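[1] Build me a structure from this.
(one chain, ligands or ions: 1)
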Amino acid sequence: WLAQSYGTRAKSAKCPAAANLLELMERKKTNLCASLDVTTSAELLKLAEEVGPQVCCVKTHCDVVSDWTEATGAELQRLAKAHDFVVFEDRKFADIGNTAALQYECGLHKISSWSDFVNAHITPGPFVIDALKGVKGAGACLLLAEMSSKGTVATGDAYVKSALDMADAHPDFVMGFIDQTPKNWKCAKDVDPGYVHMTPGISLASKGDKVGQQYTTPHMAIVDNGADVVIVGRGIYGASDAKSASAEYREAGWKAYEARLQM
Ligand code: UP6
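    Numbering: from 1, shown residues only. Below is the predicted model:
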């Protein structure tokens, strides 16, 4: 997948949400996902409005927002349509299928009603995917194949291979992976180019935080490690000017992608 354009890969994607995101990235010329991890609806929506023109995706953690209502999700979707981005709720489902489906559809957040896609850990096994897929109005799902945090136990060839096998068993619903170094996976050559690789732990300024986050740059992530989408949180919403920070990350991400295509 590393040598192919997003647009070309969109055509081979088996999951409609993957095809849609890859097409969007090609059309809008951005591979930046802003992770807006703020704690009020007003801050979240203000940031989404500010960074909207620069991003292909806005990532949320709805359960850190203290005043989340149905209107928060609806307004996010309105902004997504207005600015041409998709909405990814980073819920990291990790329970048995029945519970994960309830968490996706019900509760205060009704995640399935406003998110375009979500993600899940592979630790429960493949039925968590069946369960999420069975929810009415379900979007799509990314699987966590690797994490950015220091000391993660989600590592090694066998773990990655499990993620890949689970994805390949549900190619219409699994759109890709949250990962760190897909280019260097032992099984990299077997990865379907229709999957999207989204990589968090990205910063131009910092190497990490006090609680185990580890950062790499957009260039390293995309060129050296094989990421498609760079996910940036504090580098954008923690900046004094989120608008210009998002423009800066967008440019760095797109330049790295263009450099990769030349290799
Ligand atoms: N995230 C990671 N690493 C992972 C998976 N997810 O950082 O392996 C998520 C975090 C956060 C964002 O939950 O929302 O990506 C990264 O934020 P940051 O750029 O502020 O560190």
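[2] Now the terminal residues of stretch 100-111, how far apart.
    Between the opening and closing residues of stretch 100-111 we find a distance of 11 Å, counting by CA to CA, to the nearest Å.
[3] what's the answer for stretch 220-233, then?
    Chord length of stretch 220-233, first to last residue, is 17 Å (CA to CA).
[4] and that stretch, which residues are buried?
    220-223, 225-233 (16 or more other CB atoms under 10 Å). No exception for glycine: its C-beta is placed from N, CA and C like everyone else's.
[5] between these, which is closest to L21?
    Using CB to CB, the shortest approach to L21 within those belongs to V229, at 7.7 Å.
[6] got the residue ranges for the helices in the stretch 1-150 of the chain?
    Using DSSP state H, counting those that start in this stretch, the helices assigned to the stretch 1-150 of the chain run over residues 6-12, 16-28, 41-51, 70-83, 97-105, 111-114, 127-133.
[7] ok but A245 is inside a helix, no?
    Yes: remark: A245 belongs to a helix, assigned using DSSP: H, G, I helix; E, B strand; the rest coil.
[8] Could you count how many residues lie near it?
    A245: 23 surrounding residues under other CB atoms under 10 Å.
[9] again with the one 4 residues further on
    Here the count is done by other CB under 10 Å, and Y249 has 29 residues near it.
[10] Quick check: the residue of the stretch 1-150 of the chain nearest the ligand.
    Of the stretch 1-150 of the chain, the residue with the smallest distance to the ligand, taken as CB to the nearest ligand atom, is M147 at 3.3 Å.
[11] list the contacts for that residue?
    Shown in contact with M147 (CB atoms under 8 Å, 6 or more residues apart in numbering): 154, 178, 180.
[12] didn't D157 look like it was pressed against W185?
    Yes: D157 is within contact range of W185, at 7.3 Å (criterion: CB atoms under 8 Å).
[13] Now render the helices of the stretch 1-150 of the chain as JSON lines, adding mean neighbour count, distance to the ligand and mean pLDDT.
    Putting those into JSON lines (neighbours: other CB atoms under 10 Å; distance: least, CB to the nearest ligand atom, whole Å; pLDDT from 0 to 100) gives the following:
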{"stretch": "helix 6-12", "mean neighbour count": "17", "distance to the ligand": "21", "mean pLDDT": "97"}
{"stretch": "helix 16-28", "mean neighbour count": "20", "distance to the ligand": "17", "mean pLDDT": "98"}
{"stretch": "helix 41-51", "mean neighbour count": "19", "distance to the ligand": "12", "mean pLDDT": "99"}
{"stretch": "helix 70-83", "mean neighbour count": "16", "distance to the ligand": "16", "mean pLDDT": "98"}
{"stretch": "helix 97-105", "mean neighbour count": "19", "distance to the ligand": "16", "mean pLDDT": "98"}
{"stretch": "helix 111-114", "mean neighbour count": "20", "distance to the ligand": "15", "mean pLDDT": "98"}
{"stretch": "helix 127-133", "mean neighbour count": "21", "distance to the ligand": "17", "mean pLDDT": "98"}
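[14] Let's have these in TSV, adding distance to Y195.
    What follows is the helices of the stretch 1-150 of the chain, written out as TSV (distance: least, CB to CB, whole Å):
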stretch	distance to Y195
helix 6-12	9
helix 16-28	7
helix 41-51	25
helix 70-83	22
helix 97-105	21
helix 111-114	22
helix 127-133	14
